[in-house]
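I would like the atomic coordinates for the input below:
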Amino acid sequence: MNPVFAGAHQLAAMIHRGEIGCEELLQLFLQRIDRFNPGLNAVIVDMRDQALAEARRMDEQRRKGSARGELFGVPMTIKESYNVAGTPTTWGNPDWKNNITHEDAEAVKKLKSIGVNLHGKTNVPLALADFQSYNDVYGTTHNPYDRTRTPGGSSGGSAVALAAGFTGIEAGSDIGGSIRNPAHFCGVFGHKPTWNLCWSRGHSAPGDHRTSPDIAVIGPLGRTARDLDIALRAMAGPDDIAARGFSLNLPILGARKLSDLRVAVWADDEFCPVSREVRSRVEAVGNALRDRGAQVDFTTRPALTSADTHETYQRLLQATLASRTPDEQFDGLVKQAGKYAVDDHSEAANVFRQQTARFRDWAGANEDRQQLRWRWHEFFQNYDVVLAPVTPTVAFPQDQRKFSERTLRVDNVEIPYFKQVFWAGISGVVYLPSTVIPTGLNSQGLPIGVQIIGPEYGDLITIGVADALEQDGFRFVPPPALIA
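The predicted model follows:
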């Protein structure tokens, strides 16, 4: 396979064995960017000059026998929303286009500590709040399997960079599927960690924010499950205060075989139906596990309702997203919420109330969340993982109309555009880790992913299951038009 489509750990092994130099490898990725990025617009901040200098320094280290780090010399791009010293962090907002940061995010420091060489940043939607990736600062990013379709969002540029062979590994963020739906739409692996497993300082709007936003996480994307394991281990860990008393001891799949697993399959739901082909892929992964001897149950669910889960998620999600808004904009949300009658329970009225909730209301939603967390905890006493869709459909055509004008077609049925967030929310609202695996292309040549959900802090178990399934054939397939 062309090195640009290899896993990051495989590239690092090639460098350590002396089969390729750090600068030589970086040049391969840069040549790909020069050739294909103009048509995809994934890499939107170019850091090649400093990356080339760093690659030469790394080559000298290797010659002296002092190369260190599991991903030593591996070229890497990263989502634009991470601070990287000397580059803009705009979150797609034109008001922040001159926000040049002066310190790396904590996750960037940790990834550099295992040897990655950053050479660019990748595109996002405005405020990281869409299933597409376009904005007025950098323009539109296109899916490498079909340029008329979305690559997903908000880590859309990250997933495209991986699928197109522009980078060895990537890192994104996720509050409503922003790692998972791009991984699904672009046929790569992605991992949404347990909430607060990875310190998110430096992944923020302008300002030194030390608080981990509710539900939101940062995490890795890669072309192999092994890459997710390596990157997550590097990124994970308590902040400097908690580190006085806490250290990580994440359980692993270890010597357990797929035949040892107890698997629940949540392939569809009346609350947010999925397309026939998406459902069939979830079931196919379940059947593959059953064929390997796993105990697979296609009907069991935690002791909760889909409607209650989604409502709790929306109450917490909307409050968190609104907390990012500038004061003037938030004042407008408050005024708009006040225009609705007390007995108006329309979707618009509910959203504005959720965005401007009093703490008392938020605390009530948080208590509902804690009840859900314990029900999931009890469920995972009997099951190791849950298989579920990532979103209801494959990558859909680009749609840059107002949010209120958009819908999503699921087979022959139109559903509200943002209802697709349901499948991200079932694990997101309760802090559960979720690993997305590719399952191959459909008849239109579009990727379909499946998420593997585990108990809190079961991150390395879901990644371990993904790795075992990858060995069974559920692996990354490069875009046919970009293999040359």
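
need the contact list for residue 441.
Neighbour list for residue 441: 145, 187, 447, 448, 477 [criterion: CB atoms under 8 Å, 6 or more residues apart in numbering]. For the C-beta atoms, the positions are set from N, CA and C on the backbone; glycine is no exception.

look up how far residue 10 lies from the third one.
If I follow you right, that is residue 447. 21 Å (CB to CB, to the nearest Å).

ok, these two, which is more surrounded?
Counted by other CB atoms under 10 Å, residue 447 and residue 10 do not tie: residue 447 has more neighbours, with 26 against 17.

what is the neighbour count of the nearest residue to residue 196 once chain neighbours are set aside?
Spatially, and ignoring its direct neighbours in sequence, residue 196 is nearest to residue 212 (5.0 Å; CB to CB, 6 or more residues apart in numbering). Residue 212: 19 surrounding residues under other CB under 10 Å.

tell me the secondary structure for residue 212?
Applying DSSP: H, G, I helix; E, B strand; the rest coil to residue 212 yields a three-state assignment of coil.

contacts only, for it.
195, 196, 199, 200.

just the closest of those residues to residue 362, please.
residue 195 (16.1 Å; CB to CB).

quick check: the closest one vs residue 284, distance?
30 Å.

who's more crowded, these two?
residue 195 (20 against 17).

who's in contact with the more buried one?
So residue 195 contacts 212, 215, 216, 217, 431 (CB under 8 Å, 6+ apart).

count the neighbours of the fourth one for me.
Burial measure for residue 217: 26 neighbouring residues, criterion other CB under 10 Å.

ok, it touching residue 173?
Yes: between residue 217 and residue 173 there is a contact at 6.7 Å, judged by CB atoms under 8 Å.

and for the two, which residues touch both?
Listed contacts common to residue 217 and residue 173 are 179, 200; contacts here mean CB under 8 Å, 6+ apart.

got the phi/psi numbers for residue 84?
Here is the backbone geometry of residue 84 (degrees, to the nearest 10): phi -130, psi 120.

please tell me the pLDDT value assigned to it.
Among the per-residue scores, residue 84 shows a pLDDT of 98.

what pLDDT does the residue nearest in space to the middle of the chain get?
Residue closest to the average C-alpha location in the chain (CA atoms, centre = their mean): residue 179, at 1.2 Å. Here the pLDDT value assigned to residue 179 is 99.

what does residue 158 give?
99.

that one - how many residues pack around it?
For residue 158, using other CB under 10 Å, the count is 39.

residues near residue 364, how many?
Neighbours around residue 364, by other CB under 10 Å: 14.

could you tell me the end-to-end distance of stretch 330-343?
23 Å (CA to CA, to the nearest Å).

list the buried residues of it.
The neighbour-count check on stretch 330-343 (16 or more other CB atoms under 10 Å) flags 333, 337 as buried.

ok, now stretch 249-265?
Those would be 250, 253, 258, 261, 262, 263, 264, 265, for stretch 249-265 by 16+ other CB under 10 Å.

look up the closest residue to the last one, ignoring the ones flanking it.
The spatial neighbour of residue 265 that comes closest, neighbours along the chain excluded (CB to CB, 6+ apart), is residue 286 at 4.1 Å.

quick one: the one you found from residue 5, how far?
Residue 286 is 28 Å from residue 5, by CB to CB.

what sits up against stretch 474-484?
Here stretch 474-484 has contacts from 2, 5, 36, 144-145, 163-165, 187-189, 223-224, 285, 288, 437-441, 445, 447, 466, using CB under 8 Å, 6+ apart.

next step: these restricted to strands.
Among the contacts of stretch 474-484, DSSP state E puts 189, 437, 438, 439, 440, 441, 447 in strands.

are any of the residues you listed buried, and which?
By 16+ other CB under 10 Å, the ones in strands among the contacts of stretch 474-484 give 189, 437, 438, 439, 441, 447 as buried.

isn't the third one right up against residue 190?
Meaning residue 438. No: contact criterion CB under 8 Å: residue 438 and residue 190 do not qualify, at 9.6 Å.

residues shared between the contacts of the two?
Counting by CB under 8 Å, 6+ apart, the residues touching both residue 438 and residue 190 are 183, 449.

okay, and for the stretch 101-250 of the chain, where does confidence drop off?
The stretch 101-250 of the chain contains no residues with pLDDT under 70.

helices along that one, start to end?
For the stretch 101-250 of the chain, applying DSSP state H, counting those that start in this stretch gives helices covering 106-113, 156-163, 180-186, 225-235.

can you put the ones you listed in JSON lines and add distance to residue 136?
Listed next are these as JSON lines, based on distance: least, CB to CB, whole Å:
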{"stretch": "helix 106-113", "distance to residue 136": "25"}
{"stretch": "helix 156-163", "distance to residue 136": "15"}
{"stretch": "helix 180-186", "distance to residue 136": "20"}
{"stretch": "helix 225-235", "distance to residue 136": "30"}
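
out of the contacts of residue 195, which are inside strands?
residue 217.

can you redo the contacts of residue 195 as CSV with distance to residue 330?
Converted to CSV, those look like this (distance: CB to CB, whole Å):
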residue, distance to residue 330
212, 21
215, 19
216, 18
217, 24
431, 26
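
please name the residues that touch residue 188.
Taking CB under 8 Å, 6+ apart, one finds 159, 162, 163, 182, 221, 222, 223, 438, 476 in contact with residue 188.

residue 472: which of the helices of the stretch 101-250 of the chain is closest?
The nearest among the helices of the stretch 101-250 of the chain, by CB to CB, is helix 225-235 at 11.5 Å.

centre of the chain to the closest one, how far?
For helix 225-235, the distance from its own C-alpha centre to the chain's C-alpha centre is 13 Å (CA atoms, centre = their mean, to the nearest Å).

what about the helices in the stretch 301-450 of the chain?
Using DSSP H, counting those that start in this stretch, helices in the stretch 301-450 of the chain cover 306-322, 327-337, 347-355, 359-379, 422-428.

can I get those helices in CSV with distance to residue 102?
CSV is the format used below for these (distance: least, CB to CB, whole Å):
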stretch, distance to residue 102
helix 306-322, 27
helix 327-337, 25
helix 347-355, 32
helix 359-379, 34
helix 422-428, 32
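
what's the most buried one of those helices?
Of those, the one with the most neighbours on average (mean count of other CB atoms under 10 Å) is helix 422-428, at a mean of 26.

now that one, how far from the centre of its chain.
Centroid separation between helix 422-428 and its chain, computed with CA atoms, centre = their mean, is 13 Å.

and what of stretch 106-115?
For stretch 106-115, the distance to the chain centre is 18 Å (CA atoms, centre = their mean).

use 24 as the first number from now on
Got it, the first residue is 24 from now on, which makes the last one we talked about stretch 129-138.

and for it, what's in contact with it?
The contact list for stretch 129-138 (CB under 8 Å, 6+ apart) reads 35, 81, 90-97, 99, 101, 105-107, 127, 141, 194, 221-226, 241, 253-254, 257-258, 260, 262.

recalculate using a threshold of 7 Å.
35, 91-97, 99, 101, 105, 107, 194, 221-222, 224-226, 241, 254, 257-258 (CB atoms under 7 Å, 6 or more residues apart in numbering).

of those, grab the buried ones for PyMOL.
To isolate the buried members of the contacts of stretch 129-138 in PyMOL, using 16+ other CB under 10 Å:
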select buried, resi 35+92+93+94+95+96+97+99+101+105+107+194+221+222+224+225+226+241+254+257+258
